[in-house]
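Chemist: here is a sequence together with a model predicted from it:
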Amino acid sequence: MKNLMRILITGVSGFVGHHFLQFLYNNRIDASVLGIDIRLPMYDVKKYKTRFELQLCQMDMLVQSEVAVAVENFQPEYVIHLASYSSVAYSWQYPEISFINNTNIFLNLVTAIRIHQPKCRVLSVGSSEEYGVVGEKDLPLTENASIEPNSPYAVARVSQEMLSKVYSNNYNMDIVMTRSFNHTGPWQDERFVIPGFIKRIKQIKNSGKCSGIIETGNINIVRDFIDVRDVVKAYFLLLKYGMSGEIYNVCTGKGIALYEVIQMIGLCLNVQVKTNENPAYIRPRDNAIVIGNNRKLLNRLEGKWQPEISLKKSIEDMLYCMKEK
Ligand SMILES: NC(=O)c1ccc[n+]([C@@H]2O[C@H](COP(=O)([O-])OP(=O)(O)OC[C@H]3O[C@@H](n4cnc5c(N)ncnc54)[C@H](O)[C@@H]3O)[C@@H](O)[C@H]2O)c1
């Protein structure tokens, strides 16, 4: 009998959940997986079932009893918690729904684990949004930088992190935490910044022109974009080797301005892109620069991980996936 890793993935239907399954598939991980989400995946799950055991369960994790039954029946050894309302903008539009969802589904999950499978290891995925308003002197941000969350989404992420510490300190639960920086890569929704730029620059190309104008927000801001495939590899390794009770930045350590991203996409598509700043797209109090320091993660994973996929490669692969659709 094979020794299968029993992994529970919450938010399996989302962008990162899909890539986590793809990671298990590509790396031929002997796993038994339970994926839970409030909605069924839009992607085809058949191929994953050919390589590992995969059950999907549609549930609203706000219903504590359903989460409890899933944990009790499945008895996971590892849980990767990806479920959330992941949009900062949505948290401004619907602060109560977003905040209650993101905080309470985590509480329901850790409560179920505490009662039914207390030895299990949990990866609590957080966000660079927790750092919030960033002073330039703190860049690149280490895990010791101060936390100044600046949106309902970010406060919920900080709450999740603090609850993780409370449950690990008081109940001796095995929880590893991340603060993950902006991801990008194939299959990302066009609402996000890089696929959004790609879509609009492709429209110029598809109309037969070799130059055009796109409307943008502030494209001088600098962000630390990491390919989602590097992110899921880090998550898998943190599940195995992360230090319990510790927080890890998941990032590249390098920043790029949005105007440079636009130039990169233009070069890939052979389109000359001019930009027009539209005040409607400008966010109040947007940090000029957000770059993370990934030294703690690199040290912990001791040569097993480093960001490998360049932003140019992410963009090329996103273009390839869009062509396939
Ligand atoms: N994508 C990024 O750039 C990024 C960066 C930092 C952190 N994160 C965090 O990483 C995690 C995964 O991100 P993603 O991009 O895959 O997000 P996503 O929005 O694509 O996926 C999240 C999934 O959670 C599910 N979900 C939400 N509420 C639920 C509930 N009550 N019950 C069951 N399922 C529920 C959604 O249906 C969705 O499929 C999220 O927590 C996100 O906030 C993402």
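Modeler: Cool, the structure landed.

Chemist: drop to CA atoms for contacts and neighbour counts, all remaining ones
Modeler: Fine.

Chemist: just the strands in this structure please.
Modeler: Counting by DSSP state E, one finds strands in the chain at the ranges 5-10, 31-37, 53-58, 78-81, 121-127, 174-180, 183-184, 211-216, 222-223, 226-227, 247-250, 256-257, 272-277, 289-290.

Chemist: helices and strands around the second one, which ones?
Modeler: Read it as strand 31-37. Contact analysis of strand 31-37 by 3 or more CA pairs under 8 Å, 6 or more residues apart in numbering; DSSP states H and E lists strand 5-10, strand 53-58 as its packing neighbours.

Chemist: what does the chain have sitting close to the ligand?
Modeler: 11, 13-17, 37-39, 59-62, 82-86, 101, 125-127, 180-183 (CA under 6 Å from any ligand atom).

Chemist: re the thing from before, turn the helices and strands packed on strand 31-37 into CSV, columns for mean pLDDT and mean neighbour count.
Modeler: Converted to CSV, these look like this (pLDDT from 0 to 100; neighbours: other CA atoms under 10 Å):
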stretch, mean pLDDT, mean neighbour count
strand 5-10, 98, 22
strand 53-58, 98, 16
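
Chemist: closest to residue 141 out of the ones you listed?
Modeler: strand 5-10 (27.7 Å; CA to CA).

Chemist: which secondary structure elements does the closest one contact?
Modeler: strand 31-37, strand 78-81.

Chemist: which of those strands sits closest to residue 68?
Modeler: strand 31-37 (12.3 Å).

Chemist: ok, residues contacting the closest one?
Modeler: Contacts with strand 31-37, where a contact means CA atoms under 8 Å, 6 or more residues apart in numbering, come from 4-13, 24, 52-61, 74, 83.

Chemist: how many degrees apart are that strand and strand 5-10 in direction?
Modeler: 10 degrees (axes from the mean of the first three to the mean of the last three CA atoms, to 10 degrees).

Chemist: for residue 286, give me its contacts.
Modeler: residue 133.

Chemist: tell me the pLDDT of it.
Modeler: You'll see residue 286 listed with a pLDDT of 81.

Chemist: and it, its phi and psi?
Modeler: phi -80, psi 130 (degrees, to the nearest 10).

Chemist: how close does it get to residue 151?
Modeler: Residue 286 is 11 Å from residue 151, where distance means CA to CA, to the nearest Å.

Chemist: do residue 262 as well
Modeler: On the measure of CA to CA, residue 262 and residue 151 end up 27 Å apart.

Chemist: neighbour count for these two, which is higher?
Modeler: Applying other CA atoms under 10 Å to residue 262 and residue 151 shows that residue 262 carries more neighbours, namely 21 against 18.

Chemist: if I read this right, that one contacts residue 273, doesn't it?
Modeler: Yes: the criterion here is CA atoms under 8 Å, and residue 262 meets it with residue 273 at 7.4 Å.

Chemist: quick check: residue 289 touching residue 218?
Modeler: No: the criterion here is CA under 8 Å, and residue 289 misses it with residue 218 at 11.7 Å.

Chemist: so what's residue 230 up against?
Modeler: 306, 307, 308, 309.

Chemist: so where's the stretch 51-200 of the chain uncertain?
Modeler: Counting by pLDDT under 70, the stretch 51-200 of the chain contains no low-confidence segment.

Chemist: what about the closest residue to the ligand within it, neighbour count?
Modeler: At 3.2 Å from the ligand, residue 83 is the closest residue in the stretch 51-200 of the chain, using CA to the nearest ligand atom. Look at residue 83: counted by other CA under 10 Å, it has 23 neighbours.
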